[in-house]
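> what shape does this take:
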Amino acid sequence: MEDQNKNLILAIALSMLVIIGWSIMFPPPEPPVDPTDPAATTAATGTTPTAETPATGGPVADAPAGATPATSDDTASALETAPRVKIETPSVTGTISLLGGRIDQLSLKDYRDTLDEGSDIVTLLSPFGTDQAYYALYGWAPGAGLAPEDVPGPNTLWSVENGDSLTPSSPITLSWANSKGMTFRRTISVDDKFMFNVTQSVENGSDDTVSMAPYGILARHGEPADMKNFFILHEGVVAMADGELAEIDYDDIVDYPLDPNEGAKAEVTRVTQSGWIGFTDHYWMTTLIPADGAFKSVTKYDDRRNIFQTETVQSTQQLTPGTRVEVSSRLFAGAKEWAAIRTYENEHNVKGFLDSIDWGWFFFLTKPMFALLHWLNGLIGNMGWAIIALTVVIKVILFPLAYKSYASMAKMRELQPQMEKIKETAGDDRQKLQQEMMALYKKEKVNPASGCLPILLQIPIFFSLYKVIFVTLELRHAPWVGWINDLSAPDPSSLFNLFGILPWDGPEPGSIMAILFLGIMPIALGVSMWLQQKLNPAPTDPVQKQIFAWMPWVFMFMLGSFASGLVLYWIANNVITFTQQYLIMRSHGYKPNVFGNIRSSLKRDGGDSA
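Coordinates of the predicted model:
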């Protein structure tokens, strides 16, 4: 029974790890990103909301709002020469183009592209006309009594009414007036992290009653160049609508059917109370967050220009002559910092915002696990030691179960002579063997399956921690000790150059050579698993004996290309498990002959030591 349980657990664990290892070593090829076709920007303005159908249409990014469409060259040139307003906060730096009032240049001060000295800070938003253009755009979709040229659009040149630059202490106000006597204003403020507040207002100085719908757009030209394309990570659109989370891959958006109301491939969601929508990358995110209330949330793909868009269209506003209306919304543009996003959810009423981080299927484990890891990191000041401390906490929580398991294993060992006698008397009668075994277990109050549970629990814990280490920003470029300067990346050391002793570089990360010539931590993982096995004599069954003999070294190579933070957890888990099992066995009168078992395993015939 014990042997069968071990085989079952081993098969489950190896199967799961083979799938993960295969995906890491042989990831799917990245799809080619089609270059943006500038000539396509001469397209018409597309459908927009009307008074009769206030939420059935949407503006098209980079399509001109005026009666005379600008050519693509004109648009690109205008964007390059348009005046800009500087953005400067403790966390971000960038500019706002007065052409369209686009928030289209934004970089993150606290994050760099690589660990190399002098590496550029991370660029999040880029203007139209650049590679991987990505920007936020706001405006009004004209309804009854208005033509497209009567409302500000993507190519409207705004004036600065108040403010010289956008900082946490100094908002800016942009203004524009149409030929009918209507004045449009846009006030933008920003906090010291990543949240912008955009307030749009209209004063109707005309003699007509008009209607219009305020909108916000996030436009992304092509898929991001640095996509991971890994099944454990969601990259694409993330949205919350009345408490329901949606995660949409770029491939799925491309396959949307054509929506005639939107003039592009689109999916429309009606939000009745609250929600948000945007694009999420591995570590960065942009999100449109309208004020609470009904609005239309749109995910759109314009295949003519290879532009992905997320949009929010708020309720249509009707203005009689001499009246004024004001509508606010927010824009998150920055790093997916757990603490910041949690603050926006808890203190600034962005409902469900913490779910914008991809916690995965085991969210009920990953969320509290990361919260504890984050707290430990704040307490210790080093993410590597925090991972080790988290491992200790997990082992303490599971200790009662582990104690029961190891105690049961020790009791089974005591019953071994009686079990051998039962096997002799039962002979080939398997039914009699099972019945007498079960009677023995019942008499001695032993559960042979109790040893499985701690191992089975390690599987979701392993995947949850893997998810935390791979997905969360806080592990990115987080150092531990010495040569481990990024816990989200594999161990950079290599046997190829004797871990830096020889005067040449190790293999390129991710290559076959890097997998074969392991680093220090994967080797330590294999050794720790091997030592843990030596607490017990080798199995008598020759097939099982071979499987257990190879298992530590198979795991060593499979986990060698995993994030070093995960390998660190596994090493710490093995060391603590070894210590726990050794002490519990001693407490039950059984002294593991570790060195004897090692010597036995090194012999050609492999005799067992007790």
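> who are the packing partners of the helix or strand containing A339?
Assigned by DSSP states H and E, A339 belongs to helix 338-347. Packed against helix 338-347 by the contact rule (3 or more C-beta pairs under 8 Å, 6 or more residues apart in numbering; DSSP states H and E) you find helix 363-380. Every residue, glycine included, has its C-beta placed from N, CA and C.
> tell me the buried residues in the helix it packs on?
Residues of helix 363-380 classed as buried: L365, T366, K367, M369, F370, L372, L373, H374, L376, N377 (neighbour count, 16 or more other C-beta atoms under 10 Å).
> and for stretch 148-161?
Quick answer for stretch 148-161 (16+ other C-beta under 10 Å): P148, E149, D150, V151, P152, G153, P154, N155, T156, W158.
> name the nearest of those residues relative to D104.
P154 (10.6 Å; C-beta to C-beta).
> with respect to A219, which of the buried residues of stretch 148-161 is nearest?
The closest of the buried residues of stretch 148-161, once distances to A219 are taken by C-beta to C-beta, is P154, at 9.0 Å.
> helix, strand or coil for the closest one?
coil (DSSP: H, G, I helix; E, B strand; the rest coil).
> hang on, it packs against S97?
No - the criterion here is C-beta atoms under 8 Å, and P154 misses it with S97 at 10.1 Å.
> pLDDT below threshold where in the stretch 201-350 of the chain?
Scanning the stretch 201-350 of the chain for pLDDT under 70 picks out no residues.
> which parts of it are helices?
Under the criterion DSSP state H, counting those that start in this stretch, helices of the stretch 201-350 of the chain are mapped to 250-254, 338-347.
> now do the first one: which elements does it pack against?
What it means is helix 250-254. If you count contacts as 3+ C-beta pairs under 8 Å, 6+ apart, helix 250-254 packs onto strand 236-241, strand 264-271, strand 295-302.
> just to revisit the earlier point, export the helix holding A339 as CSV, just CAs?
C-alpha atoms of helix 338-347 as CSV (Å, rounded to 0.1, in the frame of the first residue of the first chain):
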residue,chain,number,x,y,z
TRP,A,338,0.9,45.2,-4.7
ALA,A,339,0.9,47.9,-1.9
ALA,A,340,-0.1,50.7,-4.3
ILE,A,341,-2.9,48.7,-6.0
ARG,A,342,-4.2,47.5,-2.6
THR,A,343,-4.3,51.1,-1.4
TYR,A,344,-6.3,52.2,-4.5
GLU,A,345,-8.8,49.4,-3.8
ASN,A,346,-9.2,49.9,-0.1
GLU,A,347,-8.8,53.6,0.3
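> domain assignment for the chain?
Per automatic domain parsing, the structural domains of the chain span 48-345, 367-602.
> give me whichever of the ones you listed is most buried.
domain 48-345 (a mean of 19; mean count of other C-beta atoms under 10 Å).
> tell me how far G145 lies from R185.
G145 sits 20 Å away from R185, going by C-beta to C-beta, to the nearest Å.
> G278 too?
From G278 to R185 the distance is 25 Å (C-beta to C-beta).
> which of the buried residues of stretch 148-161 lies closest to Q317?
Looking across those and measuring by C-beta to C-beta, the closest to Q317 is V151, at 11.5 Å.
> nearest spatial neighbour of that closest one, skipping sequence neighbours?
W140 (4.3 Å; C-beta to C-beta, 6 or more residues apart in numbering).
> residue contacts, the one you found?
V151, P152, F184, Q200, V202, M212, A213, P214, Y215 (C-beta atoms under 8 Å, 6 or more residues apart in numbering).
> swap the cut-off to 7 Å and go again
Contact analysis of W140 by C-beta atoms under 7 Å, 6 or more residues apart in numbering lists V151, P152, M212, A213, P214.
> quick one, grab the pLDDT at it.
Looking at W140, its pLDDT is 96.
> element containing it?
Going by DSSP H and E, W140 is part of strand 134-142.
> residues in contact with Y344?
When contacts are counted by C-beta under 7 Å, 6+ apart, Y344 touches M195, V350, F353.
> export these as TSV, with columns for distance to D259.
Shown next, in TSV, are the contacts of Y344 (distance: C-beta to C-beta, whole Å):
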residue	distance to D259
M195	31
V350	28
F353	28
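> just those: which are in strands?
M195 (DSSP state E).
> from the contacts of Y344, pick the one nearest T299.
F353 (18.3 Å).
> quick one: low-confidence residue ranges for the stretch 501-610 of the chain.
The stretch 501-610 of the chain contains residues with pLDDT under 70 at 502-507, 509-511, 513-515, 536-541, 544-545, 597, 601-610.
> do a quick rundown of the helices in it.
For the stretch 501-610 of the chain, the helices defined by DSSP H, counting those that start in this stretch cover 512-516, 520-533, 542-559, 564-587, 594-602.
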